[in-house]
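S.K.: Mind folding the following:
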Amino acid sequence: MLHVLYLVHDVSDPAVRRRITMLRTGGARVTLAGFRRTATPIADVEGLQPVDLGATRDGRFAQRMAAVAKAAVSIGSKLKGTPRPDLIIARNLEMLALARRARSAFGATVPIVYECLDIHRLVLRDDIFGKALRATERHLARDVKLLVTSSPAFIANYFKPFRQVAA
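M.R.: Reported below is the predicted structural model:
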């Protein structure tokens, strides 16, 4: 049975529940890890006990980046005892950074899938900040095995023109 480590930006997002259901319907065993938008950890998501990476807030980019940096340091210990996954799915850019850290914690070459369901306005800016974010995304996605998007327009209008992901 395929074991998927699913890294998400908000464990309470209804779309996360749907993706877990889809993966399980396809026969996968899922380990869920991610951030939450609540004050206290979420105990159950579709029968799974999520690995809590901390709290983040919508629209607070700097706070989210600080939370990702903190989680990057602790993700290995938080996933301790989790069996080595066959695949890691990273639901958005900040989780892609954590997927790479999680993969190294498992000491293996676990394939990473980048699930990009929206293109943030910040990466589209034509200033140094936008260019830096795109460069970061290209770096983090350099060995991603599969790109999943919510719209073919993302590929045509963002990923191909900016050469973001080779997958």
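S.K.: Just name the shakiest helix or strand of the protein by mean pLDDT.
M.R.: The weakest-scoring helix or strand in the chain, judged by mean pLDDT, DSSP states H and E, is helix 61-78 (a mean of 88).
S.K.: how far does the helix or strand that that helix is followed by sit from the chain's center?
M.R.: With elements assigned by DSSP states H and E, the helix or strand that comes after helix 61-78 is strand 87-91. Centre-to-centre, strand 87-91 and its host chain are 6 Å apart (Cα atoms, centre = their mean, to the nearest Å).
S.K.: What helices and strands are in contact with the following helix or strand past strand 87-91?
M.R.: Toward the C-terminus, strand 87-91 is succeeded by helix 93-105 as the next helix or strand (DSSP H and E). Using 3 or more Cβ pairs under 8 Å, 6 or more residues apart in numbering; DSSP states H and E as the contact test, the elements touching helix 93-105 are strand 3-8, helix 61-78, strand 87-91, strand 112-116, helix 128-140. In this view, the C-beta of every residue, glycine as well, is placed from N, C-alpha and C.
S.K.: average pLDDT for the last one?
M.R.: Mean pLDDT, computed over helix 128-140, is 94.
S.K.: can you state the direction angle for that helix and strand 87-91?
M.R.: With axes from the mean of the first three to the mean of the last three Cα atoms, to 10 degrees defining the directions, helix 128-140 sits at 170 degrees from strand 87-91.
S.K.: next one: the helix or strand just after helix 128-140 to chain centre, how far?
M.R.: Using DSSP H and E, the helix or strand that follows helix 128-140 towards the C-terminus is strand 146-149. Strand 146-149 sits 12 Å away from the centroid of its parent chain (Cα atoms, centre = their mean).
S.K.: which residues are in contact with strand 146-149?
M.R.: 89, 111, 113-117, 141, 155, 159, 165, 167 (Cβ atoms under 8 Å, 6 or more residues apart in numbering).
S.K.: One more pass at 7 Å, please.
M.R.: With contact meaning Cβ atoms under 7 Å, 6 or more residues apart in numbering, strand 146-149 is reached by 113-116, 155, 159, 165, 167.
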